[in-house]
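> model this:
(4 chains)
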Protein chains: 4
Amino acid sequence: MYMQNPVFIPGPTNMPEILRKASDMPTLDHRSPLFGEILRPALAGVKKVLKSESASIFVFPSTGTGGWETAITNTLSPGDRVLAARYGMFSHRWIDMCQRHGLKVDVIDAKWGEGAPADRYEEILVADKAHEIKAVLVTHNETATGVKSDIAAIRRTLDAAGHPALLFVDGVSSIASMDFRMDEWGVDIAVTGSQKGFMLPAGLAITAFSPRAIEALETAKLPRTFFDIRDMAKSYANNAYPYTPAVGLLNGLKMSTELLLAEGLDQVFLRHHRIASGIRAAVHAWGLEICATHERYYSDTVTAIRTPEGFDATSIVAHAAKKYDVAFGVGLGDVAGKVFRIGHLGSLTDVMALSGVATAEMAMADLGLSIKLGSGVAAAQEYYRNDIASEVKAAA
Amino acid sequence: MYMQNPVFIPGPTNMPEILRKASDMPTLDHRSPLFGEILRPALAGVKKVLKSESASIFVFPSTGTGGWETAITNTLSPGDRVLAARYGMFSHRWIDMCQRHGLKVDVIDAKWGEGAPADRYEEILVADKAHEIKAVLVTHNETATGVKSDIAAIRRTLDAAGHPALLFVDGVSSIASMDFRMDEWGVDIAVTGSQKGFMLPAGLAITAFSPRAIEALETAKLPRTFFDIRDMAKSYANNAYPYTPAVGLLNGLKMSTELLLAEGLDQVFLRHHRIASGIRAAVHAWGLEICATHERYYSDTVTAIRTPEGFDATSIVAHAAKKYDVAFGVGLGDVAGKVFRIGHLGSLTDVMALSGVATAEMAMADLGLSIKLGSGVAAAQEYYRNDIASEVKAAA
Amino acid sequence: MYMQNPVFIPGPTNMPEILRKASDMPTLDHRSPLFGEILRPALAGVKKVLKSESASIFVFPSTGTGGWETAITNTLSPGDRVLAARYGMFSHRWIDMCQRHGLKVDVIDAKWGEGAPADRYEEILVADKAHEIKAVLVTHNETATGVKSDIAAIRRTLDAAGHPALLFVDGVSSIASMDFRMDEWGVDIAVTGSQKGFMLPAGLAITAFSPRAIEALETAKLPRTFFDIRDMAKSYANNAYPYTPAVGLLNGLKMSTELLLAEGLDQVFLRHHRIASGIRAAVHAWGLEICATHERYYSDTVTAIRTPEGFDATSIVAHAAKKYDVAFGVGLGDVAGKVFRIGHLGSLTDVMALSGVATAEMAMADLGLSIKLGSGVAAAQEYYRNDIASEVKAAA
Amino acid sequence: MYMQNPVFIPGPTNMPEILRKASDMPTLDHRSPLFGEILRPALAGVKKVLKSESASIFVFPSTGTGGWETAITNTLSPGDRVLAARYGMFSHRWIDMCQRHGLKVDVIDAKWGEGAPADRYEEILVADKAHEIKAVLVTHNETATGVKSDIAAIRRTLDAAGHPALLFVDGVSSIASMDFRMDEWGVDIAVTGSQKGFMLPAGLAITAFSPRAIEALETAKLPRTFFDIRDMAKSYANNAYPYTPAVGLLNGLKMSTELLLAEGLDQVFLRHHRIASGIRAAVHAWGLEICATHERYYSDTVTAIRTPEGFDATSIVAHAAKKYDVAFGVGLGDVAGKVFRIGHLGSLTDVMALSGVATAEMAMADLGLSIKLGSGVAAAQEYYRNDIASEVKAAA
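Coordinates of the predicted model:
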């Protein structure tokens, strides 16, 4: 009755107490040397989480959307051509943003439920002999459909085509929960926010620029001030900000990276995989379908679940909120009303996940779907009990 | 991984965020008038929760055990005779305390799993023509066995016997979660703590004295200072304490009573009954037995569950803590190793309860008990879904 | 030794505990109806604090700088002409932002220490018969110099010139601490942040648009997405955000406006005036000069203090931080090294202010300035003791 | 206006944020192994702060008064003779407690303003050839008068008399702020609380028993249960408590000792001495007298200040609270109305201390005392500026 149930939205996530306390700081003079002792390790920690040696990290008091704007305004000029695929609401929005900023977007429309189609990227890149395309955009984890894309594959298409375009990746709902390899995958800009894998309140846009992306600054003519990384870089050199930083959130970010690295990134990703697998087992036990059309697309941070034809999936979310005080995610855009989503990223335990599965069951049964109570829970329990990773963790 | 799972021990309970924040106060001068604005409503609120018009409330920086000591040292003298029943670890401990203070205790030993036997109380009271027995002790809710006793029935035995003994009730794990009627039941002293139905951190002994109990002060010769309600009463008259009060906890207590009264005591009790009923349904679905031997003894705050002969019930608690990071209660005293306990008092939701049931299932299955995964969850879900009180609450 | 001293930077300010607790929230689904119960009163409260009936409020997860960008990108087009005065670092930065966005800025350079020169604004506006100037920018309180400008006077110049340009006001370090009258002064866009008068952590850009400013949206061609108020307006209509809102900070903003309105805006402004007056009395007692060249420019939120010729004012700030763990503000831009600043906005008491004055005295004496210890404190004490507003407050 | 001013009561003290956060914990199962990871270092830390190798530490959910009761009920029997001096309200109360428990107290009445008179202790001990006196009680720092007593001197009187009585010391307002040497001084029981030098909320009675005090358990016949250290010792052996512990406060205690030991006890004591010396310099500058009659009695944790004959010192406290929202301590008992007290223990900085001095000046001036504003502040500033310890600290 008092906001005690976990949330199952695909971000903001449940927050560990220790990160809330780290973020809730008394006022510290952001122009004092103490601020550097927060900023430097926060930036360094993010770099490690991204598995990058060479990236420059810039963190803005903003959100993932601001991170997208940072990516394009610092590297591109009006009229520039970019390539992007649309297969969900968030890939759609990034494309929309590009268009609003006067970029020409080659849009690849893929089915909602599938990931970024590497073959079609390659086709277009190969065809672009003049190298007019300045940037290639990919959404690593499409939050609207629970679909993961293969970033390494997109990198290979650029390499295969010998194309110099920059590779921009929206990792908002993947980074820090799913494997992300900035350097290995040749990502030029990665974007995320504080409220997802980093398990913090919303309020930070976290961006990483490769050396090549930094070079693009020189020629980028899109107007920008708040999101200008030149000001940010100049200030960072003095452990400062060009304006007032969100000191508490940065302190939270510092500690979040400490927690993630202490647990071990592999273990963090395994944990998300285990929890997600349990939830997928529950979906199968219910006899329902996952929006992601193939196992290779399965997201370890959010699962979108198709409800039977003719049933309004949104009613599950509304009912669960009203009757059980539990938040799930509705379907958005093309899959509105057709799916509901269980977010399982950030700080979640098997036990919390089971309460989400149990609630979804009750809500679906309440609304007349033919769901056997306990069936999804049992499938998830079976998975969690027997999972080896789980035992490894318990032994740690 | 970060203390995010609910606890299922029979107190301290899960704490609502709002009560943690109310309890976590900056330093306030406890000799300033501001303190009275915390103390007065806290005491008045407790009185309402106890359904008393006439009780004097005294709150000590201590625990329920300190509350017991307050009860006996303020009313009795060395050598005084008291009557008490023992049917669990906590009723046992109160008797032990009386003996250590030099009281003569007429102990009624009842089966662990049953409640206070009114017939045997009556027998002894009737036989005590000389009215040597000065106080009658009853544990309202025996936390060790999950057994509720009928306080009104004990009152009736006193009345039937025309016996003037005071009636002391340990309401530690019942008050504020289960119905308690100080005045109607003629309770002379009620004792509880902050960490149970009031959903606060441990640290307060909360006691209520009827006018007759207050009168007994005059003759009570047991030594006391810290727990002396005369000092407390004198200080309360000035909105003060005889020593340094736990201001933050008192502020939490004030807000706790506000929350409870705003929800409505009937609704609070109904909520606990619903959650407890769901858990009992799960136990039955598992094919296990509840320690309480009869439905009339069922506690709405804690359920002790008997495991099959030869199985060490304690291993469930250890395993659930280690593998799933979930805390249940072990069996104590006579039922050690024979039962494990699920605490479901204080601030708990159906959804949290289901995660406890699901965890217990996994733990039992892991340890080789023949438990069908999901079976208990389904039984509890069925109960929670259909419960009318639940719908009433949702509509509120 | 544990971050216990107040800060005396001109923002972020000291934060009342109650606002920190309101901002530190568990995760709430920002797509649920509960979010509207935070958003609506927050927006309504800001409107009242701005004394506006007709403004539309838009709050971004950003800072005051983002608020400036919101103002210009939503109303102007590349090549548009704007008029602005520069008399400190913050008015300078806003001009710089306009230029980066391709606006042509008519810059009026005024002395650092003076406010916006209404006569020169009028001259230029009258001369602009073609009404090429689309917007007039004024910094209400120049934080770098501690100078207040007369917004009503600027409005009068527009009216006198019959000029239709929009009036944009940077109220970052004035709003909610000093009187601000959006409607009466005909302000078209007001900009502030969460970390100043609203006494919250940094992280919110708070903007208010008059109906005329909203109309300008139709023709504004500067690219924008994150700061686009059209998306924001559309979402607000559904009590939602176009991206993830900083829910905790918005909840803090809601409560901040409740506190400010409960205290009464007049009383809030009087309190800031009293505290500022005491600090100015201290400066005079020290025999030093205030950077603001005339009493009418005195800011009630920040005082910049000129140190004697040849003395490095910045050393005071560094020394106070190092030896006494107290943060003051350094001089910026043209007055770097010539002034140090005492911030006295947001949540401050007379008693805290005195500790700042006492620390400044020690630091200056330590560094060899001829300052009589206790002299400034005595002057401030005299002011605080006798102030009638103070007594009114005490009686409340 | 929002509880932002420091408090200057002689405890509870101002609390560092880090200790508040450590104390404000989610519910942890106090029967799980995790609890031992809090309890063990907390007990070990207290032992180090007391400079003891051999003491057994027992911490109760209670207050210093409960600590006194623990001391006497665990070691003495009804009718036992104890020796104690009374020179303030707190030494008085401990004597009163002994009498209520049926002990015979040889009371040495000393002047309020002086410390424990070693010569009179010695006289009585030497005379007690039969060794009837079982315990000698001393209040290390009499909080009511701001008087420090020489515990080593009392120990010498016992040794000189060859007397086997136990030595009990009330260190409530000294321990962790002033030097305390349990082993070197041969202290048998030391008592303190959480809300003083440990800078925590009230709620813990902290006691230390020497091996000889532990031996006395065998013969002690005073009734006790809640405060029985036998139960506590038995439970501690299993990292547990005999009842529900105040887990959060214990976690705070663990961290408090970590902070104190990291700073270094010598540095902690020096810091208290510096702050106290500055405040005493202020009192002398005001032309007032310190209640402690001789420099050797000066307390480094609280200063009681005599106001001129005929002036009601209590009015200063009431006025400062009402007009300036600052809490000082009133005079108690024999010095009620004659002194007011400035508490300066726990977590305090020079800067905070100056705000207390400045407030006291204003309050006294407001009430007509002939106090030159700024005079006390200047004296304290002079002290703080020049203090070498301060510079050492700054360099650290």
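> rest of the way, CA atoms for contacts and neighbours
OK.
> Give me the neighbour count for residue A:179.
Counted with other Cα atoms under 10 Å in any protein chain shown, the neighbours of residue A:179 add up to 17.
> Against residue A:51, how distant is it?
Look at residue A:179 and residue A:51: by Cα to Cα, to the nearest Å, they are 9 Å apart.
> Please apply the same query to residue A:368.
47 Å.
> Between these two, which is the more surrounded one?
residue A:51 (17 against 10).
> Could you pick out the longest helix of chain A?
Taking DSSP state H as the criterion, chain A has its longest helix at helix A:265-286.
> quick one: the helices in chain A?
Under DSSP H, chain A gives helices at A:17-23, A:33-49, A:64-73, A:89-100, A:118-127, A:151-161, A:211-216, A:229-236, A:247-263, A:265-286, A:314-324, A:350-366, A:375-386, A:388-395.
> Mind putting those into a markdown table with distance to chain B and mean neighbour count?
Below are the helices of chain A laid out as a markdown table (distance: least, Cα to the nearest Cα, whole Å; neighbours: other Cα atoms under 10 Å in any protein chain shown):
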| stretch | distance to chain B | mean neighbour count |
| --- | --- | --- |
| helix A:17-23 | 7 | 19 |
| helix A:33-49 | 19 | 19 |
| helix A:64-73 | 25 | 26 |
| helix A:89-100 | 30 | 20 |
| helix A:118-127 | 37 | 17 |
| helix A:151-161 | 29 | 19 |
| helix A:211-216 | 36 | 16 |
| helix A:229-236 | 32 | 17 |
| helix A:247-263 | 10 | 22 |
| helix A:265-286 | 10 | 22 |
| helix A:314-324 | 5 | 21 |
| helix A:350-366 | 5 | 26 |
| helix A:375-386 | 4 | 24 |
| helix A:388-395 | 5 | 14 |
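> Lowest average pLDDT across these?
Ranked by mean pLDDT, the helices of chain A end with helix A:388-395 at the bottom, a mean of 49.
> how about TSV for the helices of chain A, with distance to residue D:37 added?
Shown next, in TSV, are these (distance: least, Cα to Cα, whole Å):
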stretch	distance to residue D:37
helix A:17-23	17
helix A:33-49	28
helix A:64-73	39
helix A:89-100	45
helix A:118-127	52
helix A:151-161	44
helix A:211-216	46
helix A:229-236	39
helix A:247-263	19
helix A:265-286	25
helix A:314-324	36
helix A:350-366	24
helix A:375-386	28
helix A:388-395	18
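> Residue D:94: which of the ones you listed is closest?
Counting by Cα to Cα, residue D:94 lies closest to helix A:17-23 out of the helices of chain A; the figure is 40.1 Å.
> residues making contact with that closest one?
Here helix A:17-23 makes contact (Cα atoms under 8 Å, 6 or more residues apart in numbering or on different chains) with A:199-201, A:247-252, A:255-256, B:2-3, C:24, D:21.
> Max pairwise distance over the residues you listed: which two?
A:247 and B:3 (25.1 Å).
> Which one of the helices of chain A lies nearest to residue D:80?
Here helix A:17-23 is closest among the helices of chain A (Cα to Cα), at 51.0 Å.
> Correct me if wrong: residue A:198 contacts residue A:258.
No - using Cα atoms under 8 Å, residue A:198 is not in contact with residue A:258, being 10.4 Å away.
> Pull up the gap between the closest residue to residue A:105 other than its chain neighbours and chain B, please.
Leaving aside its chain neighbours, residue A:105 sits nearest to residue A:82 (4.9 Å; criterion: Cα to Cα, 6 or more residues apart in numbering or on different chains). Note on residue A:82: its distance to chain B, by Cα to the nearest Cα, to the nearest Å, is 41 Å.
> For residue A:82, name its beta-bridge partners.
residue A:105, residue A:135 (DSSP bridges).
> dump the residue contacts of it.
A:103, A:104, A:105, A:106, A:133, A:134, A:135, A:136, A:137 are the contacts of residue A:82 under Cα under 8 Å, 6+ apart.
> how near is it to chain D?
The separation that residue A:82 has from chain D, given Cα to the nearest Cα, amounts to 49 Å.
> how near is residue A:341 to residue C:46?
35 Å.
> Check residue A:306 too.
Distance from residue A:306 to residue C:46, by Cα to Cα: 42 Å.
> Also residue A:367?
For residue A:367 relative to residue C:46 (Cα to Cα), the value is 41 Å.
> Equivalent analysis for residue A:112, please.
41 Å.
> what's the answer for residue A:183, then?
45 Å.
> Same question for residue A:103.
Relative to residue C:46, and taking Cα to Cα, residue A:103 is found at 36 Å.
> Who are the contact partners of the residue lying closest to residue A:321 once chain neighbours are set aside?
Spatial nearest neighbour of residue A:321, chain neighbours left out: residue A:327 (5.4 Å); criterion: Cα to Cα, 6+ apart. For residue A:327, the contact set (Cα under 8 Å, 6+ apart) comprises A:7, A:8, A:9, A:317, A:320, A:321, C:29, C:32.
> Just send those residues back as CSV, with distance to residue A:300 too.
Formatted as CSV, the contacts of residue A:327 follow (distance: Cα to Cα, whole Å):
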residue, distance to residue A:300
A:7, 16
A:8, 13
A:9, 13
A:317, 20
A:320, 22
A:321, 23
C:29, 20
C:32, 24
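> Would you mind measuring from the spatially most central residue of chain A to residue B:84?
The structure's chain A has its C-alpha centroid closest to residue A:173; by Cα atoms, centre = their mean the separation is 1.3 Å. Distance, residue A:173 to residue B:84, by Cα to Cα: 61 Å.
> Check residue A:325 too.
43 Å.
> if we can go back for a sec, mutual contacts of residue A:179 and residue A:51, please.
Common neighbours of residue A:179 and residue A:51 (Cα under 8 Å, 6+ apart) do not exist.
> you'd agree the residue nearest to the centre of chain A is up against residue A:145?
No - if you go by Cα under 8 Å, residue A:173 and residue A:145 don't touch, sitting 11.6 Å apart.
> ok, the nearest residue to residue A:192 once chain neighbours are set aside - how many residues close by?
In this structure, residue A:192 finds its nearest non-sequential neighbour in residue A:172, 3.8 Å apart by Cα to Cα, 6+ apart. Using other Cα under 10 Å, residue A:172 is surrounded by 31 other residues.
> Now do the contacts for residue A:172.
Applying Cα under 8 Å, 6+ apart to residue A:172 gives the contacts A:64, A:141, A:191, A:192, A:193, A:196.
> The fifth one against residue A:204, yeah?
Yes - Residue A:193 is in contact with residue A:204 according to Cα under 8 Å; the separation is 5.5 Å.
> Settle it for me: which of the two has more neighbours?
Neighbour totals were compared for residue A:193 and residue A:204, and residue A:193 leads with 33 against 29 (other Cα under 10 Å).
> Now do the contacts for residue A:40.
residue A:239.
> From what I see, residue A:2 and residue A:326 are in contact.
No - counting by Cα under 8 Å, residue A:2 sits too far from residue A:326 to count as a contact (11.6 Å).
> Please read off the pLDDT at the spatially closest residue to residue A:213 that is not a sequence neighbour from the model.
Of all residues not flanking residue A:213 in the chain, residue A:188 sits nearest, at 5.6 Å (Cα to Cα, 6+ apart). Looking at residue A:188, its pLDDT stands at 98.
> Straight-line length of stretch A:92-110, end to end?
Termini of stretch A:92-110 sit 11 Å apart (Cα to Cα).
> Could you do stretch A:297-311 as well?
Termini of stretch A:297-311 sit 25 Å apart (Cα to Cα).
> Give the full set of residues in contact with residue A:303.
With Cα under 8 Å, 6+ apart, residue A:303 has these contacts: A:145, A:146, A:276, A:279, A:280, A:290, A:291, A:341, A:342, A:343, A:344.
> Going through those, which ones are buried?
A:145, A:146, A:276, A:279, A:280, A:290, A:291, A:341, A:342, A:343, A:344 (16 or more other Cα atoms under 10 Å in any protein chain shown).
> List the ones among those that fall in strands.
A:290, A:341, A:342, A:343 (DSSP state E).
> just those residues now: which is nearest residue A:96?
Closest to residue A:96, out of all of these and judged by Cα to Cα, is residue A:341, at 23.5 Å.
> Before I go, just wanted to say thanks for your time.
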